[in-house]
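Q: this one's structure only:
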């Protein structure tokens, strides 16, 4: 009599074996380690950033003159959003911003493009007719170090800054307008 192994047992065992072999493959293992390290860096950066003053991040204004981010945040609450012209979610965010600006005129909206070439971001804004007055660009000379230092791997990234220039919240990824309204209301209500 021939014994058969139930298919319901073989397929999961085969899948687990293949997954284990795949995950133990050296390039995959190092990629997983890198990803975990990046996540740990991101969480560590958020802990250091929240509750601290806005950092002196080197940026360029629309005339391509060098400035520091901490000098452009005045005495008003602000949303500092990092975006890229290659990011579809960033485009959604840029489309949502006029509604937020209209509903919360006391909150300053500061955009910082993370594109490698600031001229690409400037052209993108002009072609798509996004009219946001406070647009800046990461300084190309220090773009890579800024992305790494402030864990800007995920865009859009939004920093909520209170009237004292202190970062109160960090959001990564696209947020629906209702979630942004809640963030801005919370920021406007804080003393």
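A: Perfect, I can see it now. Note that this is a predicted model, so its numbers are computed, not measured.

Q: alpha carbons only for contacts and neighbour counts from here, please
A: Noted.

Q: Now for the protein, the helix or strand with the poorest mean pLDDT.
A: The helix or strand of the chain with the lowest confidence, counting by mean pLDDT, DSSP states H and E, is helix 7-23 at a mean of 54.

Q: Tell me what the residue nearest the centre of the chain is bridged to.
A: The chain has residue 157 as the residue nearest its centroid, 2.2 Å off, counting by CA atoms, centre = their mean. With DSSP bridges as the criterion, residue 157 is bridged to residue 82, residue 172.

Q: you'd agree it is up against residue 173?
A: Yes - with contact defined as CA atoms under 8 Å, residue 157 and residue 173 form a contacting pair (5.9 Å).

Q: mind listing the strands for this protein?
A: Taking DSSP state E to define them, one finds strands in the chain at 58-60, 66-68, 78-83, 108-113, 135-138, 157-161, 167-172.

Q: could you redo these as CSV and give each row distance to residue 178?
A: What follows is those, written out as CSV (distance: least, CA to CA, whole Å):
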stretch, distance to residue 178
strand 58-60, 29
strand 66-68, 31
strand 78-83, 15
strand 108-113, 16
strand 135-138, 23
strand 157-161, 15
strand 167-172, 14
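
Q: TSV for the ones you listed, including mean pLDDT?
A: Compiled in TSV, the strands of the chain are given as follows (pLDDT from 0 to 100):
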stretch	mean pLDDT
strand 58-60	87
strand 66-68	86
strand 78-83	90
strand 108-113	89
strand 135-138	86
strand 157-161	90
strand 167-172	87
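
Q: can you tell which of these is closest to residue 51?
A: Set against residue 51 and scored by CA to CA, those come closest in strand 167-172, at 5.5 Å.

Q: How about that closest one, which residues are buried there?
A: Across strand 167-172, burial judged by 16 or more other CA atoms under 10 Å covers 167, 168, 169, 170, 171.

Q: do the same with stretch 101-112
A: 107, 108, 109, 110, 111, 112.

Q: for stretch 83-103, same thing?
A: 83, 84, 85, 89, 90, 91, 93, 94, 97, 100.

Q: And the furthest pair within those residues?
A: Every pair of these checked by CA to CA; the farthest is 85 and 100, at 20.4 Å.

Q: And residue 176, how far from residue 94?
A: Noted for residue 176: a distance of 12 Å to residue 94, by CA to CA, to the nearest Å.

Q: circling back: with the buried residues of stretch 101-112 in mind, which one is nearest to residue 79?
A: residue 109 (5.1 Å).

Q: what's the closest one in contact with, if anything?
A: 78, 79, 80, 81, 97, 101, 132, 134 (CA atoms under 8 Å, 6 or more residues apart in numbering).

Q: neighbours of the second one, just the number please.
A: Just to be clear, that refers to residue 79. For residue 79, the tally of surrounding residues (other CA atoms under 10 Å) stands at 24.

Q: Relative to residue 134, how far out is it?
A: Distance of residue 79 to residue 134, computed by CA to CA: 11 Å.
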